[in-house]
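>>> Generate coordinates for the sequence data below:
(chains A and B)
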Amino acid sequence: MNLRRDVFQAIADPTRRAILLLVASQSLSAGAIAANFDTARPTVSKHLQILTECELLQQEQNGREIYYHINATKMKQVADFIEPFRKMWDDRFNKLESVMKKYKNK
Amino acid sequence: MEQKTKINAEEGRQDLVITREFDLPVDLLFKAYAEPEIVEQWMGTKVLKLENKKYGSYQFETKDKDGNVVFQSSGVIHDVWPNEKITRTFEMRNTPFGVQLEIYEFERLADDRSKLNMHVIYESAEQRDQVLKLPFSYGINMAHNRLQEVVGKLK
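From the prediction side, this is the model:
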């Protein structure tokens, strides 16, 4: 069984995206992250585990606590390089749609 | 907000899937790929040749305002099922991206709704990632050029 997580699936979840935003500016402990959500602590832990498995988050041991920070390289890969590509196709398809709507009404 | 155009590009694979839903009947969506003068309008390129049939081929070309060719692409059409499916190859000339196999599936959702499923297979996972990064590096270059323009005017 392939246990490797898909990065794009990982960022499809709104809670996981919110976690990424939280740790974007600073390293936070699991407890500090969980405090920002109404969700049960084990659920947040599960999200952290998924984000760590697909290398979007990196763990750092600090005393007794594990801190999470963002893996900039991986994030860059996802956000920067897929979005302009998607945008390019979205623009192209929008054009197609408007051209064909005019064509239909002729 | 739900995005209309979705890209599914799994890590380490040499293919990707682009899907999009249109407020168009499926025959009009198909026509947008089959009629040269319509392709020209939405692709923004000149269609030198487009034989949308089994064993047909196509050639696109874009020139800048000074008449220099800036983009050339071509491919062969493997098969066509009207209003359902097109299988074809695509290659951009003078680029290191190689040839790609494209499978277009046109799906009727309702009288005025349709969906395009575009499966693209590249020669390798590395080549796919290069193509994915292309608009990104282009965007950076554009930003850089604009910056140079602005800075140039300040001089």
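>>> Just to check, residue A:93 is in contact with residue B:21?
No - contact criterion C-beta atoms under 8 Å: residue A:93 and residue B:21 do not qualify, at 9.4 Å. For every residue, glycine as well, the C-beta is placed using N, CA and C.
>>> joint contacts of the two?
In terms of C-beta atoms under 8 Å, 6 or more residues apart in numbering or on different chains, residue A:93 and residue B:21 are both contacted by the residues B:4, B:116.
>>> The two: who's more crowded?
It is residue A:93, of residue A:93 and residue B:21, that has more neighbours when counted by other C-beta atoms under 10 Å in any protein chain shown, with 21 against 18.
>>> which residues of chain B score low on pLDDT?
B:1-2, B:135-155 (pLDDT under 70).
>>> in it, which spans are helices?
B:26-34, B:36-43, B:125-154 (DSSP state H).
>>> Tell me if the first one is near chain A.
The reference is to helix B:26-34. Yes - if you take C-beta under 8 Å from any C-beta of the partner chain as the test, helix B:26-34 does meet chain A, through B:28-29, B:31-32.
>>> Around chain A, pick out the residues from chain B.
So chain B meets chain A at B:3-11, B:18, B:20, B:22-25, B:28-29, B:31-32, B:38, B:41-44, B:116, B:129, B:131-136, B:138-139 (C-beta under 8 Å from any C-beta).
>>> Weed out the non-buried ones from these.
For those, a burial check counting by 16 or more other C-beta atoms under 10 Å in any protein chain shown picks out B:5, B:7, B:9, B:18, B:20, B:22, B:24-25, B:28-29, B:31-32, B:38, B:41-43, B:116, B:129, B:131-136, B:139.
>>> and the nearest residue to residue B:55 once chain neighbours are set aside, what does it touch?
Nearest residue to residue B:55, sequence neighbours excluded (C-beta to C-beta, 6 or more residues apart in numbering or on different chains): residue B:77, at 7.2 Å. Residue B:77 sits next to B:51-58, B:86-88 when contact means C-beta under 8 Å, 6+ apart.
>>> how about residue B:124, phi and psi?
Taking degrees, to the nearest 10, you get phi -150, psi 170 for the backbone angles of residue B:124.
>>> what about it, how many neighbours?
10.
>>> And it, how far from residue B:13?
10 Å (C-beta to C-beta, to the nearest Å).
>>> do residue A:37 as well
Residue A:37 is 33 Å from residue B:13, by C-beta to C-beta.
>>> Run through the strands of chain A in chain order.
Secondary structure of chain A (DSSP state E): strands at A:28-29, A:57-62, A:65-70.
>>> and the top helix by length along chain A with chain B, contact?
Using DSSP H to define each element, chain A has its longest helix at helix A:81-105. Yes - counting by C-beta under 8 Å from any C-beta, chain B has neighbours in helix A:81-105: A:81-82, A:84-90, A:92-93, A:95-97, A:99-101, A:103-104.
>>> Filter those residues down to the buried ones.
Applying 16+ other C-beta under 10 Å to the residues of helix A:81-105 next to chain B flags A:81-82, A:84-90, A:92-93, A:96-97, A:99-100 as buried.
>>> where does chain A dip in pLDDT?
For chain A, the stretches flagged by pLDDT under 70 are A:1-6, A:8-9, A:12, A:75-81.
>>> Just give me the residue right at the centre of chain B.
Nearest to the mean C-alpha position of chain B, by C-alpha atoms, centre = their mean, lies residue B:43 at 7.9 Å.
>>> No further questions, thank you.
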